[in-house]
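Engineer: Got a predicted structure plus its sequence, pasted below:
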Amino acid sequence: MKKTSANKTPANNTPVIKTPVNKTPAVRTADAVIGYLPDETPSPGKLIVFALQQILVMFPATVLVAILTGFDIGVTIFASGLATLGFLFVTRGKIPLYYGSSFAYIAAICGLMGAQMAKGASDIDAIRMAQFGIVMSGLVSIAAGLVASRFGADAIEKVLPPTITGSIALTIGMSLAAVALSNASGSGAGDFLTTASSKDPVAVASWIIAILTLIATILFSIHLKKTAGQLPLLFGVIFGYILAAFATVALDIRLIDFSAIANANVVQVPRFTLPLPNWAAIAAIMPIAIATIPESTAHLFQLDIYVNELARNKKSKKVYDIGNRLGSNLIGDGLGDIISGMIGGPAGTNYGENISTMAITRNFSVRMLGAASIITMILSFSGILSQLVYSIPACVIGGISVYLFGVIGAQGIAIMINKKVDMFDTRNLAVISTVLVIGIGGSFINGGMIPVFGLEIPAIATASIFGILLNLLLNIGKNKNM
């Protein structure tokens, strides 16, 4: 059985340690190794400090998704914490990961909501319709997790090879380009070229702030080290916010409404909503779950390396078989989407930012992540915090997004490079090229919606489904002919 082989203790030729075998403290002064393994718990004071750090790391990206999609900030924060608790529960505390909002779903959610609001739906009903798609996308991850548990990770890669997942990730990033530039112009929507050509002081100031915010965020991500290096988005937003505040006060250019912050309630109940069943959301959002599977898988294997390296350094006799828990990881991701979607939060996945922070601080305590989840849920009821986030100008978000959405696209290329995709294979070229053209091209016509059998499906979802079917068709009998 897997568990038997995973629990075998490797040979250890190191001198005998005087510390009793049945006591494995979190801090080993004898060999100067400081850190917490998944089943270890820091002291209460450190537990809270470490938890706050995890919140700080996930907060900028998670909240940015809510801003871009129009979801309630409080609900998004609350859903992040609740979904993480659900993930930790279903994985039985064996996988120390934090759940946060995913950028992969932004285009599909915005496309669906925009189309429904154009038909007369209210913003609340549009969100509720998107919620249903998010809940259904969780079923995709759960199904993939069950397949991985039963047949192994190779079975998933046969249906979702890097030609599919890589090109979809690239499509998602590039399809959001117009959103980033539209926000950078200060309009938040509409034709950014028209806004940019005007002599409106607000538009001019917005472009300047967006560009400076973009440059600052890039410099932060390159030059900041250690824990600070995991917060370039947060520092970029703070930098851009300061510039916008200066323009608002000193130059009399209204970019921030400070009165909304001053009049905010100290305690404010998040706007929880229930999903509204509809076929359009299933077609639009459900397929996007396939784009998050490679990312989630990579995070799991990355975490396995970090945790077991710490275990070896601490002379622990326990082997943490995190890398063999892909099925549980994907099921936990799917459950997170269902939990988030049921209460009004966006879809998500486990966060690389939190993994990097855990690696830097060598703190992989599951109880620490549980504490972070609970604190996050409490913070979601802060009306002042919500209004502060809502007050971030569109141009600041746009400056961040230019970099962020480009990185999402670049990750798609990285997936194909890492998996050594043969770009001279005509089958691979056919799949990649059609996914890119349908996904990216379709995002800029007809409001990003493609009519399919009487339904209007977002271009990315259409490209995903088409790419999967085409790949399966082209590879029929491939091995027989080799």
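Structural biologist: Perfect, I can see it now.

Engineer: Against residue 278, how distant is the residue sitting nearest the centre point of the chain?
Structural biologist: For the chain, the residue nearest the mean C-alpha position is residue 102 (2.9 Å; C-alpha atoms, centre = their mean). Residue 102 is 21 Å from residue 278, where distance means C-beta to C-beta, to the nearest Å. Every C-beta, even on glycine, is put in place using the N, C-alpha and C of the backbone.

Engineer: try residue 305
Structural biologist: Taken as C-beta to C-beta, the span from residue 305 to residue 278 is 42 Å.

Engineer: Compare the two (neighbour count), which wins?
Structural biologist: With neighbours defined as other C-beta atoms under 10 Å, residue 305 and residue 278 compare such that residue 278 has more, 18 against 12.

Engineer: And that one, how far from residue 318?
Structural biologist: Distance from residue 278 to residue 318, by C-beta to C-beta: 48 Å.

Engineer: Now do the phi/psi pair for the residue nearest to the centre of the chain.
Structural biologist: Residue 102 adopts backbone torsions of phi -100, psi 140, taken as degrees, to the nearest 10.

Engineer: Show me the shaky parts of the stretch 351-482 of the chain.
Structural biologist: For the stretch 351-482 of the chain, the stretches with pLDDT under 70 are 454-456, 479-482.

Engineer: per-residue confidence averaged over the longest helix along the chain?
Structural biologist: In the chain, taking DSSP state H as the definition, the longest helix is helix 123-151. Mean pLDDT, taken over the full extent of helix 123-151, equals 93.

Engineer: Following the chain past it, name the next helix or strand.
Structural biologist: Remark: after helix 123-151, the chain's next helix or strand is helix 153-159, criterion DSSP states H and E.

Engineer: Tell me the buried residues in that next one?
Structural biologist: By 16 or more other C-beta atoms under 10 Å, the buried positions in helix 153-159 come out as 153, 156, 157.

Engineer: mind exporting stretch 296-312 as CSV, just the C-alpha atoms?
Structural biologist: The C-alpha trace of stretch 296-312 is given here as CSV (Å, rounded to 0.1, in the frame of the first residue of the first chain):
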residue,chain,number,x,y,z
SER,A,296,-3.1,23.4,-7.5
THR,A,297,-1.1,20.3,-8.3
ALA,A,298,2.2,22.2,-8.6
HIS,A,299,1.5,23.9,-5.2
LEU,A,300,1.0,20.5,-3.6
PHE,A,301,4.3,19.0,-4.9
GLN,A,302,6.1,22.3,-3.9
LEU,A,303,4.7,22.0,-0.4
ASP,A,304,5.8,18.4,-0.1
ILE,A,305,9.4,19.4,-0.8
TYR,A,306,9.4,22.2,1.8
VAL,A,307,7.7,20.2,4.6
ASN,A,308,9.8,17.1,4.3
GLU,A,309,13.0,19.2,4.1
LEU,A,310,12.1,20.9,7.4
ALA,A,311,11.3,17.4,8.8
ARG,A,312,14.8,16.2,7.9
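
Engineer: on that earlier part again, report the buried residues of the longest helix of the chain.
Structural biologist: Quick answer for helix 123-151 (16+ other C-beta under 10 Å): 125-138, 140-142, 144-145, 147-148.

Engineer: Report all helices and strands that it contacts.
Structural biologist: Here helix 123-151 is seen to pack against helix 106-118, helix 153-159, helix 279-285, helix 289-313, helix 326-343 when contacts are counted using 3 or more C-beta pairs under 8 Å, 6 or more residues apart in numbering; DSSP states H and E.

Engineer: For the nearest residue to residue 326 once chain neighbours are set aside, which residues are in contact?
Structural biologist: What sits nearest to residue 326 in space, not counting adjacent residues and going by C-beta to C-beta, 6 or more residues apart in numbering, is residue 148, at 4.7 Å. Residue 148 makes contact with 155, 156, 326, 327, 330, according to C-beta atoms under 8 Å, 6 or more residues apart in numbering.

Engineer: and of those residues, the nearest to residue 214?
Structural biologist: Taking C-beta to C-beta as the measure, residue 330 is the one of the contacts of residue 148 closest to residue 214, at 34.2 Å.

Engineer: isn't the closest one right up against residue 299?
Structural biologist: No. Using C-beta atoms under 8 Å as the test, residue 330 is too far from residue 299 to be in contact (11.2 Å).

Engineer: Looking at the two, which one has more neighbours?
Structural biologist: Neighbour count, other C-beta under 10 Å: between residue 330 and residue 299, residue 330 has more, with 29 against 21.

Engineer: List the residues that contact that one.
Structural biologist: Going by C-beta under 8 Å, 6+ apart, residue 330 touches 141, 142, 144, 145, 148, 293, 296, 297.

Engineer: Serialize those residues to TSV and add fields for distance to residue 83.
Structural biologist: What follows is the contacts of residue 330, written out as TSV (distance: C-beta to C-beta, whole Å):
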residue	distance to residue 83
141	12
142	13
144	17
145	15
148	20
293	17
296	13
297	18
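
Engineer: before we move on, which element is residue 81 in?
Structural biologist: Secondary structure from DSSP H and E places residue 81 in helix 73-90.

Engineer: Same question for residue 163.
Structural biologist: Assessed by DSSP H and E, residue 163 sits inside helix 162-175.

Engineer: Would you pull up how far that helix lies from the middle of the chain?
Structural biologist: 15 Å (C-alpha atoms, centre = their mean, to the nearest Å).

Engineer: next SSE after that helix?
Structural biologist: Next along the chain after helix 162-175, taking DSSP H and E as the criterion, comes helix 177-184.

Engineer: That following helix - what's its average pLDDT?
Structural biologist: Helix 177-184 comes out at a mean pLDDT of 83.

Engineer: how far off helix 162-175 does that helix point, in degrees?
Structural biologist: Counting by axes from the mean of the first three to the mean of the last three C-alpha atoms, to 10 degrees, helix 177-184 lies at 30 degrees to helix 162-175.

Engineer: Which strands or helices does helix 177-184 pack on?
Structural biologist: helix 106-118, helix 192-197, helix 201-223, helix 394-418.

Engineer: A strand includes residue 457, no?
Structural biologist: Yes. With DSSP: H, G, I helix; E, B strand; the rest coil as the criterion, residue 457 is part of a strand.

Engineer: Would you mind measuring from it to residue 422?
Structural biologist: Plainly put, residue 457 is 30 Å away from residue 422 if you go by C-beta to C-beta.

Engineer: ok, now residue 234?
Structural biologist: Counting by C-beta to C-beta - residue 234 and residue 422 are separated by 40 Å.

Engineer: measure residue 354 to residue 123 for me?
Structural biologist: Residue 354 sits 30 Å away from residue 123, going by C-beta to C-beta.

Engineer: Return the member of the buried residues of helix 153-159 nearest to residue 255.
Structural biologist: residue 156 (45.9 Å).

Engineer: correct me, but that closest one touches residue 147?
Structural biologist: Yes. Using C-beta under 8 Å, residue 156 makes contact with residue 147 at a distance of 6.0 Å.

Engineer: returning to what we had before: tell me the two of the contacts of residue 330 that are most distant?
Structural biologist: 142 and 297 (14.8 Å).

Engineer: Can you report how many residues neighbour residue 221?
Structural biologist: The number of residues near residue 221, taken as other C-beta under 10 Å, comes to 17.

Engineer: Pull the distance from stretch 254-261 to the chain's centre.
Structural biologist: 29 Å.
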